[in-house]
Each structure stands twice: as structure tokens, then as C-alpha cells.
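Chemist: sequence plus the predicted model coming up.
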2 protein chains.
Amino acid sequence: MVTVAVDAGGADKGAVEVAAGAAEAVRGGQIRVLLFGDESEIGSVPQGVEVRHAPVSIAKAADPASAVRTTPQASVVQAARAVAAGEADAFVSGGSTGAALAAGVLHIRRQPGVHRPALALMVPVPGAPVLLLDVGASTEVRVERLVQHAHMGAAFGEAVFGMDRPRVALLSNGEEATRGTPEVIAAHALLAADERIHFVGNVEGVGIADGRADVIVTDGFTGNVALKLMEGVSSAVVEAIRSAATSDPRAAAGALLLRPALGGLKDQLDPEAHGGAHLLGLRKVAVVPHGRFGARGYSKAILLAAESVNSGAIERTHAALAAAGVLRGS
Amino acid sequence: MVTVAVDAGGADKGAVEVAAGAAEAVRGGQIRVLLFGDESEIGSVPQGVEVRHAPVSIAKAADPASAVRTTPQASVVQAARAVAAGEADAFVSGGSTGAALAAGVLHIRRQPGVHRPALALMVPVPGAPVLLLDVGASTEVRVERLVQHAHMGAAFGEAVFGMDRPRVALLSNGEEATRGTPEVIAAHALLAADERIHFVGNVEGVGIADGRADVIVTDGFTGNVALKLMEGVSSAVVEAIRSAATSDPRAAAGALLLRPALGGLKDQLDPEAHGGAHLLGLRKVAVVPHGRFGARGYSKAILLAAESVNSGAIERTHAALAAAGVLRGS
């Protein structure tokens, strides 16, 4: 039995959707959920879900780090503290990545030797999903973080997503070792000389979408821009096809015939089907679903968190970082 | 009559494709082309195209800047020198952005007061094309360059693409003025206080694809990653749809009916239809088509260069930068 502490305070669709997701996640009997949110909003829950009344949300706070420090009663803070106290094994909080990150770092705390946590997401690419990190935990670029995140992503991909000796790449503006910012060039040299990682070099933006790497490492600024751009372009293309499909009766008939075959593609591109991003580098599993997710997305996020606990992701990642000698102070 | 100096040395498909593009571009009688490449490869050309024998290509050089300095006979260098000497009004060179940039800076030279040239491209987004810069001229991030590039992009969008008081945005990892790298935050503050530009704030990656800005400014590293990611995601989605459409007879029949309505979308997403990127900040018009372009793409690039000359893009951009007080030393 895995216990997941879930913050219901940041969901755009309200705590009741998060509660419905929790109810779905506990159905199999393998997961228990501590649900932090407004009791009156949440209403009744099935066995396996325990509501902890936490009506204060800081998901909209302009300065999440400060709000986390000054609002101990906030739902996200209480959920993180439950994990820190050992009451729960994993942390799920959507709606404000900044608040989830700040609460995670302050209460669950970083693994010893980790420079900065990274937000890692299996990005929805048709046919070739890839683990991209950092997609927005930190906008500062440091060589040692890129190197550490490469090892973190590889170890995590093996533990949670069943990757076999994952191919790790750096995102850059050219494939040659000499291309990129000074930090990317320096990280490339270190990773290329490192036998403990299956480093395949730089990939350009197109490489995110063509399956040539399993794990792609970049800084949180570039990663966040890239992630949201992918979502935007996918939507724009799908929308343009939808619009073409309703432009005349002939096209509409064609779309109707084509639709069943396109169903799988829609699922592949749906961020909600993936459950959200992992916050890597903390002492416990932390998953950040998108604030706009409904019950299905929150349910997936809770299942993903529980699977990560069961696969020993934290321990395996830490052991890999220690073996590679990339922990701070090692 | 506009004369365009075209480097035929970097095209993946060979100089003969570039020559075919030049022949197409001069057909209307408004353009003359000086074509720099291997005479024997190019063969016969129509009136209006003048071949200058330049069999040496440095498009594959590992260090383009050094190759430009040490290879005066290279086709890209000769084309740039023809523009610098006043023999031609505009410069077109595809296949090596680094070589085109280096030859442009060395021979055509920067406009006075310009920090660094920027590569600006109308990116293929369905329904809402947007001028993105810098897509790869420089990976160094500087506040004053972001600000100057914002003004350059706006002035150029007005002159060449007929934008009316273009909405200019900075690409960032959040819409708030406080989000982004330190350089983005500082550039945001300067642009927000500047009445001479229609600055609409930050856009996230998704904002590139949703039509909320006409000009989007970023550094050359992020811009290059973003551009290639867009191409990659568009291709992956289109490929997935193609694959779905051939998965069974019913879907294939549907795709056949839908195809005519999708024709416009294909053109919108086709980089070749846009002619390539402008290298902004030089004393003359410079256009960089993709090295994989065929005759059609090169023809578009030559037409785009000629239109830019006719619209007074260089003079208008320089006047706008001077008026905004963002030229170096002003």
C-alpha cells in the first residue's frame, strides 16, 4: 500500500475534480490518498481517501516561495509536510509549479548532493515519447546542473519508464560538440567523457520529436519554452485539421471516416493521459499535474506517483548519481 | 530593377537547383541575379541570370568564420563582396547560416550602431504566421540585443510584411513581467517603458502558435531550438496523421475525401513557401534559405530579397532604431 498526499488547492476545475481523481486512483485497493483541500468543497469520498481540511490555497500567489514560507496552513504546504513527516510516501500538487517546488524543497527537502530539483516530463510526441528535463523548475543555467540532470533523467527513465540504458542528449542549436551556449558546450564535454551514461550528443529542436533520444536535458527556461511550444503547435495543427474537416461536406465525410484511425493519435498528444511531470531531486516522489487537469489527469498523476514509489525511483536515482560521482561535494 | 547576388554553393540539392530557382525569379523581368557557383555544374541560364564562376564551397566548413576569412574565392564570400561593392542590392546564401553570417558581417558589414545581426523568420504556424527572431545568429544573450532586436523586428515587419503597428512580445517561461532569465526580465522592463514600440509583454511557448503577437523576440539559442522544434512537431503530427490514414481502407477513403481541404494547411506549414530567414542588422538585405530547399524555395528567397529592397526595409529599420534611441552609442 502506497500513501499519496494530494494537494487539491490548485486545480482550475476545483477540489471536487481532484477528489474524483483520487477516488478513481484508490479503486484498485493498492493506493491510499490523503487529500488536502476544502472539506465543504470536496464533499463525500470513498474509503481509501482521507480528507484533511485545508481551505487555504496559494496556487495564485505572485511569489510562491514567500507564500510557502508564510502560509503554513496552505494545502500545498500541508501536503508536503505530511510527506516529510512520513505520513505519506509521495506528493502530488498541481496548479502552481512554483508553490509545489518551494514546498517540496522547504519540507520534503533535496536529496543530499543535489544542486537543484528538475521538472521532468514525458513529452507527448506521436510515436516517440521522450523524457525532457528541466521543463521549468529553474531558469538559471549551470554546467554542473545540466550534467547532474542528465544522470538523474537517465536513472529515473530506467526506474519509472522501463527505459533500457536510455540514450541521453543535450538540447542545443546544432549537433556538433562545439554548438550551444558556453554551458551546453562544457556539459557536452563532461558527458561525452563519462562512461556511466549513454550520451548520444546534442540534438536540435527537431530531435525532440524524432525519437533519436530517450532523455533530453536542457535548462528550465529553454525546456519550458519548448514544452509549451510543442503543446501550442500540436493544438494549432490539430485545430487546422479540424477546421479543414468542417470546411465542406466532402471533407466532413472524409473526416468522419478517418476519425477512428486518429483516436490513438489524440491520446498520444493528450498531456492529461501522461499524468504530469516529476519533480526530481527531492527525498520523496513528487508529481506535478497541470492545473487544468480534470479527474482523469489527477488520477493518472496519483497512479504515476505510486508507481514511482513502488519502482524505488528515489533510491535508484540517488544510487546512480552517487556511482557517477556527480553529487555535490563528491 | 533589383540585382540579387546568390550563392549557389551551399544547396543540398546542388547548384543546378539554385540556378533553376534563379531562372524562375528573373522571369518577371524585375529582378537580375548574379549567381556564384560552379559554372560547369550550373549549365545554361536564361537572360537575367549572370553566372560568376566560383567552384569553391565552404558550406560544410567546421569553423565558418575562419573559413570566410581564409577563403576569399568561396562562393559565399564572392556573393557578399559583390553586394559590398555595389554590384548587387541583396545577398542570398543558403546551406550554412554561419558562413552567410560571417561573410555578411565581414564584407557587407553591420549597420552602424547594431550590436549583432539577428536571423528573423516568418515561422509557419497555421493561420497565424509570426516573425520570430533571433532564430540562430548568436547564442549569447544580452539585454541590449533583445531590446534592439525587438525594434528591428517591428520595423522590419512593418516594412516587408505589411504589419500595422506590430504587437511585439518576448519569449519567456511565464507571462508575468517577473518571469524569465535575468536578461529577459531586464529587457521586459525596458520595452514596457518604451512608447515607441507596441510591446505586449511576455509570451510562453504556446504563444508562438496562437496569434497573440506579430513579432516574438528571443536569443538565438532558444529561438533556434524553438524553430526546429516547431518543424519537428509539425512533421511528427502530419506523419502520424498520414500513418493513420493508411492504416485501413475506411481511413484511406476518408483521407482521400479530406485531402483537398487540407491542401492549404500543407502550404502554410511548408518552410519552402516562405523563402527563408532574413539576416537583420546588415547594411544590405540578406536572406538565408534552408540548404535543403529546391528551385522553388530558392526562387522564393530571391523574390523575398528583392521585395525587401523595394520596400526600403534597411532604411526604414535603421530610421526606426535611430528614433527609438537603441543604436549603440546613441
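Modeler: Thanks, I have the structure now.
Chemist: and for residue A:204, the neighbour number?
Modeler: For residue A:204, the neighbour count with other CB atoms under 10 Å in any protein chain shown is 22. C-beta here means a position set from N, CA and C on the backbone, and glycine is covered the same way.
Chemist: is the closest residue in space to it that isn't next to it in sequence in a helix, a strand, or coil?
Modeler: Among residues not flanking residue A:204 along the chain, residue B:228 sits closest, at 4.6 Å (CB to CB, 6 or more residues apart in numbering or on different chains). Assigned by DSSP: H, G, I helix; E, B strand; the rest coil, the conformation of residue B:228 is helix.
Chemist: you'd agree residue B:228 is up against residue A:202?
Modeler: No - checked against CB atoms under 8 Å, the pair residue B:228 and residue A:202 is beyond contact range at 11.6 Å.
Chemist: what residues sit buried inside the strand or helix carrying residue A:222?
Modeler: Using DSSP states H and E, residue A:222 maps to helix A:220-245. In terms of neighbour count (16 or more other CB atoms under 10 Å in any protein chain shown), helix A:220-245 has its buried residues at A:220-238, A:240-241, A:244-245.
Chemist: part of a strand, is residue A:51?
Modeler: Yes - counting by three-state DSSP, residue A:51 is part of a strand.
Chemist: neighbours of the closest residue to it other than its chain neighbours, how many?
Modeler: Spatial nearest neighbour of residue A:51, excluding adjacent residues (CB to CB, 6+ apart): residue A:35 at 5.0 Å. Per other CB under 10 Å, the neighbour tally for residue A:35 reads 28.
Chemist: residue A:35 should be in a strand, yeah?
Modeler: Yes - applying three-state DSSP, one finds residue A:35 inside a strand.
Chemist: against residue A:282, how distant is residue A:101?
Modeler: 9 Å (CB to CB, to the nearest Å).
Chemist: overlap of the contact sets of those two?
Modeler: By CB atoms under 8 Å, 6 or more residues apart in numbering or on different chains, residue A:101 and residue A:282 have these common neighbours: residue A:117.
Chemist: so how far is residue B:19 from the residue positioned nearest the centre of chain A?
Modeler: Note on chain A: the residue nearest the mean C-alpha position is residue A:277, at 0.7 Å, using CA atoms, centre = their mean. Distance of residue A:277 to residue B:19, computed by CB to CB: 50 Å.
Chemist: phi first, then psi, for the residue nearest to the centre of chain A.
Modeler: For residue A:277, the backbone dihedrals (degrees, to the nearest 10) come out as phi -100, psi 150.
Chemist: and the closest residue to it other than its chain neighbours, what does it touch?
Modeler: Distance criterion CB to CB, 6+ apart; nearest residue to residue A:277, sequence neighbours excluded, is residue A:121 at 4.0 Å. Residue A:121 makes contacts with A:131, A:132, A:133, A:135, A:227, A:274, A:276, A:277, A:278, as judged by CB under 8 Å, 6+ apart.
Chemist: what's the spacing between residue A:313 and residue B:279?
Modeler: In this view, residue A:313 and residue B:279 are 47 Å apart by CB to CB.
Chemist: how about the helices of the stretch 1-150 of chain A, start to end?
Modeler: Remark: helices assigned in the stretch 1-150 of chain A by DSSP state H, counting those that start in this stretch are A:15-26, A:39-42, A:64-70, A:75-84, A:97-103, A:143-161.
Chemist: just for chain A, where's the confidence low?
Modeler: A:330 (pLDDT under 70).
Chemist: spit out the contact partners of residue A:303.
Modeler: Neighbour list for residue A:303: A:25, A:31, A:275 [criterion: CB under 8 Å, 6+ apart].
Chemist: got TSV for those, with neighbour count and distance to chain B too?
Modeler: Formatted as TSV, those follow (neighbours: other CB atoms under 10 Å in any protein chain shown; distance: CB to the nearest CB, whole Å):
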residue	neighbour count	distance to chain B
A:25	27	28
A:31	25	32
A:275	26	20
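Chemist: save those residues as a markdown table, and put in distance to residue A:110 too.
Modeler: Shown next, in a markdown table, are these (distance: CB to CB, whole Å):
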| residue | distance to residue A:110 |
| --- | --- |
| A:25 | 27 |
| A:31 | 26 |
| A:275 | 23 |
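Chemist: closest one to residue A:10 out of the residues you listed, please.
Modeler: residue A:275 (15.5 Å; CB to CB).
Chemist: surely that closest one and residue A:296 touch.
Modeler: No - checked against CB under 8 Å, the pair residue A:275 and residue A:296 is beyond contact range at 9.5 Å.
Chemist: how many residues are close by the residue in the stretch 1-150 of chain A that chain B sits nearest to?
Modeler: Distance from chain B to each residue of the stretch 1-150 of chain A (CB to the nearest CB) is smallest for residue A:126, at 3.7 Å. Residue A:126 has 22 neighbouring residues, counting by other CB under 10 Å.
Chemist: swap in the one 5 residues further on?
Modeler: Counted with other CB under 10 Å, the burial measure for residue A:131 works out to 25 neighbours.
Chemist: what of residue A:294?
Modeler: Counted with other CB under 10 Å, residue A:294 comes out at 17.
Chemist: how much space separates it from chain B?
Modeler: Distance, residue A:294 to chain B, by CB to the nearest CB, to the nearest Å: 19 Å.
Chemist: point out the residues in the stretch 1-150 of chain A that sit beside chain B.
Modeler: Within the stretch 1-150 of chain A, the positions near chain B by CB under 8 Å from any CB of the partner chain are A:62, A:125, A:126, A:127, A:128, A:136, A:139.
Chemist: 6 Å instead?
Modeler: A:125, A:126, A:136, A:139 (CB under 6 Å from any CB of the partner chain).
Chemist: quick one: which of those is most hemmed in?
Modeler: Using other CB under 10 Å as the neighbour test, those are led by residue A:136, with 27 neighbours.
Chemist: what's the spacing between the helix holding residue A:222 and its chain's center?
Modeler: How far helix A:220-245 lies from its chain's middle: 18 Å, per CA atoms, centre = their mean, to the nearest Å.
Chemist: buried ones in the following helix or strand past that helix?
Modeler: Where DSSP H and E defines the elements, the next helix or strand beyond helix A:220-245 is helix A:249-269. For helix A:249-269, burial by neighbour count (16+ other CB under 10 Å) applies to A:251, A:254, A:255, A:257, A:258, A:261, A:262, A:265, A:268, A:269.
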